[in-house]
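> Dropping the sequence and predicted coords here.
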Amino acid sequence: MVPAPPKCDLAVPVTDRDHGQGSVNAPVTIVEYGDYECPYCAKAYPIIKQIQRNLGDQLRFVFRNFPQNTVHEHAAVAAQAAEAAAAQGKFWEMHDLLYEHKDDLADFDPVQFALKLGLEVYKFQADLATERYARRVREDFEGGLQSHIKCTPTLFINGSRYIGEFEYGSLLRAVERASREESP
């Protein structure tokens, strides 16, 4: 007997702990496990932004860290910088800045990004120096492993793994299909 393939659904449900944009009551939630240095995540970033703009409060977007440290040496530090920015209420601003400057991460200076966002730099540096945000990034990563993630970006739409092209039309159709399935 051939063993069943591993379950590919989202193993860790979305909670208040997650970084989310959009209404918690939205009929569709996309969860992305991403890596700030991943070129495929960088290509998916504007597509997801466009879908968010077009669907408005019909979509909730959640981002979780899944840095591929063996391939992207700056991804973990970038993820920790996003988490440290979150402590000052600027997760999404740092998230966007990191993706918009993905090609600059080889020379990444988290403090320069923090200054650009108007963060309190000493607190930001102190937060990065602790294990707290590295632990948070590891927790996201481990949740991704529970969902059998091997690469980024990996998306889940209403808890089901998205299998398809990372282009606007395909992703939008999958989101619209999920929205119809959620409608009574």
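It's in. Numbers count the residues shown, from 1 in each chain.

> secondary structure class for the residue nearest the centre of the chain?
Computing the C-alpha centroid of the chain and ranking residues by Cα atoms, centre = their mean puts residue 63 first, at 2.6 Å. Three-state call for residue 63 (DSSP: H, G, I helix; E, B strand; the rest coil): strand.

> so what's it up against?
Going by Cβ atoms under 8 Å, 6 or more residues apart in numbering, residue 63 touches 18-20, 31-32, 34, 95. Glycine gets a C-beta too; all of them are placed from N, C-alpha and C.

> Neighbours of residue 103, how many?
Residue 103 has 10 neighbouring residues, counting by other Cβ atoms under 10 Å.

> for it, phi and psi?
Main-chain torsions, residue 103, degrees, to the nearest 10: phi -70, psi -10.

> Report the separation between it and residue 59.
Separation of residue 103 from residue 59 (Cβ to Cβ, to the nearest Å): 28 Å.

> Please apply the same query to residue 148.
Taken as Cβ to Cβ, the span from residue 148 to residue 59 is 24 Å.

> okay, the two: which has more neighbours?
Using other Cβ under 10 Å, the more surrounded residue of residue 148 and residue 59 is residue 59, with 23 against 14.

> correct me, but that one touches residue 49?
No - using Cβ atoms under 8 Å, residue 59 is not in contact with residue 49, being 11.2 Å away.

> mind listing what's buried in the top helix by length along the chain?
Criterion DSSP state H: the longest helix present in the chain is helix 39-55. The neighbour-count check on helix 39-55 (16 or more other Cβ atoms under 10 Å) flags 41-42, 44-45, 47-48, 51-52, 55 as buried.

> and those residues, which two are the farthest apart?
42 and 55 (21.4 Å; Cβ to Cβ).

> need the contact list for residue 74.
Counting by Cβ under 8 Å, 6+ apart, residue 74 has contacts 36-37, 105-106, 108.

> quick revisit: of the buried residues of helix 39-55, closest to residue 172?
Lowest distance from residue 172 to the buried residues of helix 39-55 (Cβ to Cβ) belongs to residue 51, with 5.8 Å.

> Who are the contact partners of the closest one?
Neighbours of residue 51 in contact, by Cβ under 8 Å, 6+ apart: 30, 59, 168, 171-172, 175.

> Understood, closing this out.
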